[in-house]
Structures are given as C-alpha cells and as structure tokens.
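K.L.:
this is a predicted model, with the sequence first.
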Amino acid sequence: MSDTVMSHQEQNAESGEAMLVCRDLTRVYREGPQDLTVLDSLELNVAAGERIAVVGSSGSGKTTLLNLLGGLDRPTHGTIRIGGHAIAGLSETAIGRFRNRHIGFVYQFHHLLAEFTALENVAMPLIIRGQRRAAAAEKARALLERVGMAARGEHKPGELSGGERQRVAIARALVTDPSLVLMDEPTGNLDQTTARQILALMDDVAERSRSAFVVVTHDMAIARHQDRVLRLDGGRLTADD
C-alpha cells in the first residue's frame, strides 16, 4: 500500500495537484428521532505544501471535519483522498497503519503518554512503524531541538508546563514527515514568542517536506498566517474574506 501512496504523493507534489481532496463529504448524526447534519456535501482541495486555516463558530463542525480527515470517524457519505489514496473505505487496521505513515495530529490538549519521556513520546510513531530505536531517537531529538525542547527530552509530561507539552506534541506530529498535518488550536497553550516559533516551523515543514496543513483555530492572527482561511458554516466551507 505505502509504495502506491508514495507514488501518488510524488506525482501530486510535482504537478501541484491536491494532496487532500474531499468530495461531497457529509456527516449526519442521529439525535433522538431527528438527524443532525454537521457536514453537508463539503468540498475541499489542499495542495502539497499548502497551509489552510478553518475557522467557524463553536459547534460548526470543525472537530468533526478533523476527525474525518484523520480517519478517526467515518463519513455518512462522500470521499476523502490523501496522497491519491481513498481512506474512507479502509479497515480499522489499515487506517491505523495509514495514519501512522501519512498523517500527523496536534490536538488542543497534548495527549502525550505520561509514562514516557518527551523524547520517547516524539520517537513513538517511528518505533511503531518499525524504525530502529536509535534512529527514531536521533530524529526525535532533532525535532525537539526545532521546537525549543532539546533540554527537556528526558523529562516526562508531568514535569513539563502546558506550553512545553504542546511543543512536544507538535514535534511528535511532525517526526514522521507526514503528508497531511491536522492541528486543533495548536498554539492555544503557548506564549506569543513560542507561538511564532511554531508558525515558523510549520512554514519550514510545509516548504521542505511538502506537507499539507489543515489548522482549526479561533485565533485570527494564526489563521491569517496560513495560505488560505476557510470558514465552516452550515456544513460547508467558504473563503473567509
């Protein structure tokens, strides 16, 4: 599977085609006797190396969208293609494997593993995919340095501040050089200086690795830093002017 996906990614990067494509993406939830349509025939294209921000009011479906893009939830109907590969029909095992290799997540709350050090948390996605521990640790150290956490690699999450934990989570999301990075309020727990450093890192990763970014945020300064700002309203995305 990975060889086929990578060939699509290379073709997309070279041709400027979309790394992420959503067509007719719909998610309907049953609430009692009624259906609640959260996403309604949503359309989205994100090119390799492009960074988009998604804004919208609370309850507009931003988290639902991220969950669908990351394979954590299934659409009621419609398609999602990442690097040319349709993910909606994959089994749980296959989507887990695909997620590990091609999708990076940064949640509003860090979700680090409490029993492991910062270095081990960042290296974990590489170890899960079968990379040797020494090589995984080396790459994890490089990412921790890029987010300003090199000196804290041997500390466990409980020994870190909220902002430090978030920086470790961002390093973990980027360590696999993912095709798609999904971020939910990525700088919400960071001071302004660190937030600027993280934005600069996103710029560098998007340019160097050609990763596509989808960033959900309420912070319009963060949103305006991205290549495009889209507003989710009524289950659909429109350009935010």
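P.N.:
Ah, there it is. Residues are numbered from 1 along each chain as shown.
K.L.:
look up how far Val168 lies from His225.
P.N.:
22 Å (C-beta to C-beta, to the nearest Å). Every residue, glycine included, has its C-beta placed from N, CA and C.
K.L.:
can you give me the strands in the protein?
P.N.:
Under the criterion DSSP state E, strands of the chain are mapped to 18-31, 34-47, 51-55, 77-82, 85-86, 103-106, 180-184, 212-216, 228-233, 236-239.
K.L.:
so who does the residue most central in space within the chain touch?
P.N.:
Geometric centre of the chain, nearest residue: Leu182, 1.7 Å, by C-alpha atoms, centre = their mean. Shown in contact with Leu182 (C-beta atoms under 8 Å, 6 or more residues apart in numbering): 66, 69-70, 103-106, 214.
K.L.:
ok, so of these, who is nearest Arg132?
P.N.:
Proximity of the contacts of Leu182 to Arg132 (C-beta to C-beta) peaks at Gly104, which lies at 20.7 Å.
K.L.:
doesn't Asn121 make contact with Glu154?
P.N.:
No: applying C-beta atoms under 8 Å, one finds Glu154 not in contact with Asn121, separated by 11.5 Å.
K.L.:
so who does the nearest residue to Ala18 once chain neighbours are set aside touch?
P.N.:
Once flanking residues are discounted, Ala18 sits nearest to Asn45: 4.0 Å by C-beta to C-beta, 6 or more residues apart in numbering. Applying C-beta under 8 Å, 6+ apart to Asn45 gives the contacts 18, 20-22.
K.L.:
mind putting these into TSV with pLDDT and distance to Ala135?
P.N.:
Shown next, in TSV, are the contacts of Asn45 (pLDDT from 0 to 100; distance: C-beta to C-beta, whole Å):
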residue	pLDDT	distance to Ala135
Ala18	81	32
Leu20	94	29
Val21	94	33
Cys22	94	34
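K.L.:
ok, of these, which one's closest to Ile82?
P.N.:
Of the contacts of Asn45, the one sitting nearest to Ile82 (C-beta to C-beta) turns out to be Leu20, at 5.7 Å.
K.L.:
is it true that the closest one touches Ile82?
P.N.:
Yes: taking contacts as C-beta under 8 Å, Leu20 lies within contact range of Ile82: 5.7 Å.
K.L.:
so between these two, which is more surrounded?
P.N.:
Ile82 (28 against 23; other C-beta atoms under 10 Å).
K.L.:
now do the top helix by length along the chain: which elements does it pack against?
P.N.:
Selection of the longest helix in the chain by residue count, based on DSSP state H, yields helix 192-209. In this structure, helix 192-209 packs against strand 51-55, helix 162-174, strand 212-216, helix 220-225, with contacts taken as 3 or more C-beta pairs under 8 Å, 6 or more residues apart in numbering; DSSP states H and E.
K.L.:
quick one: closest of these to Gln131.
P.N.:
Smallest distance to Gln131 across the helices and strands packed on helix 192-209 (C-beta to C-beta): 14.0 Å, for helix 162-174.
K.L.:
identify each buried residue in the closest one, please.
P.N.:
Of the residues in helix 162-174, 163-174 count as buried by neighbour count, 16 or more other C-beta atoms under 10 Å.
K.L.:
how many neighbours does the residue lying closest to Leu126 once chain neighbours are set aside have?
P.N.:
Nearest non-adjacent residue to Leu126, counting by C-beta to C-beta, 6+ apart: Ala136, 3.7 Å away. Neighbours of Ala136 under the rule other C-beta under 10 Å: 22.
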